[in-house]
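[1] Sequence and predicted model, in that order:
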Amino acid sequence: MATGRGTGAGRFDAGRICLELLATEPTGGAPGAGEQLGSPARLARWLTEVRLVPPGTGLTAVDASWVDRFHALRFDIGRLMAAQLGGPGAEGALERVNSLASGPPPGHRAVRGADGVLVRALNAAPDCAGLLAVVARDAVDLLTDPVARAALRRCQGEACHRLYLDTSRGGRRRWCSGEVCGNRARVARHRRRSLGESGGEGPGAAEAEGSGGAPGTPGAAGPGTEGQHGVE
């Protein structure tokens with residue numbers, strides 16, 4: 001349902017709406033990123049940005065309780081994805097996500113826009129439970145699809161914890177964004193090579209090592225070029 005969206009400098013294409021949600025938390029985003037869903041206004045903007053609701057949908061009902069409920073779902077999805085990547089188990093998280101996924105999602109209909117072209121609209125004002133159901137169901141779909149599950153990757157950029165689906169050709173995507181984390185890794189590698197060629201072992205060498213990205217492992221998801229998706 002969701003498509004890639006910008007989250008600051010560089011393009012980030014997570015490939016799934018549930019992974020887009022994870023990218024909004026401080027520990028799940030790019031280095032230096034803060035909480036992106038810290039208020040009802042920010043949550044309402046995010047719901048539109050990731051196309052959980054059509055553009056122009058009224059979201060006056062969004063309040064602090066919505067923020068808390070999306071934070072709770074984000075936490076549980078994060079635990080499930082971490083467990084899938086070899087982290088600790090996520091006791092209780094699966095049951096809570098399954099429970100939310102069983103709820104009815106918002107109903108859609110086609111209406112004619114001002115130019116006469118058909119556009120998507122909701123049958124009624126969206127409620128929090130219905131939107132949570134869409135995200136939770138997407139997480140369930142990802143975790144139960146062998147192909148998607150095998151394509152789950154974590155960015156290899158230093159201090160970046162973003163998750164994405166790697167559908168790149170040959171499964172070579174290494175970073176959430178080639179322009180951000182990928183570029184940082186390339187700059188750090190260049191500095192290390194330059195220091196090595198000049199025989200530099202002074203204070204600058206340690207600094208250069210600290211700024212580089214983690215060594216890569218083969219990936220698998222999101223079509224992309226090196227500049228857009230971090231394929232190298």
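    Okay, I see it.
[2] Just name the shakiest helix or strand of this protein by mean pLDDT.
    Least confident helix or strand, the chain: strand 221 with a mean of 36, by mean pLDDT, DSSP states H and E.
[3] mind listing what's buried in the longest helix along the chain?
    In the chain, with assignment by DSSP state H, the single longest helix is helix 64-84. Across helix 64-84, burial judged by 16 or more other Cβ atoms under 10 Å covers 66-67, 69-71, 73-74, 76-83. For the C-beta atoms, the positions are set from N, CA and C on the backbone; glycine is no exception.
[4] swap in stretch 138-147?
    D138, A139, V140, L142, L143.
[5] that older thread, so which elements touch the longest helix of the chain?
    On a contact count with 3 or more Cβ pairs under 8 Å, 6 or more residues apart in numbering; DSSP states H and E, helix 64-84 meets helix 17-22, helix 40-49, helix 93-101, helix 128-144.
[6] what residues does the shortest one touch?
    If I follow you right, that is helix 17-22. Contact partners of helix 17-22, identified using Cβ atoms under 8 Å, 6 or more residues apart in numbering, comprise 1-2, 5, 14, 28, 50, 52, 70, 73-74, 77-78, 81, 134-136, 138-139, 142, 162-165.
[7] Can you give the domain ranges for the chain?
    As given by automatic domain parsing, the domain ranges for the chain are 1-144, 155-232.
[8] about what we covered before: generate CSV for the helices and strands packed on helix 64-84, with distance to R173 as supplementary columns.
    Shown next, in CSV, are the helices and strands packed on helix 64-84 (distance: least, Cβ to Cβ, whole Å):
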stretch, distance to R173
helix 17-22, 13
helix 40-49, 22
helix 93-101, 26
helix 128-144, 17
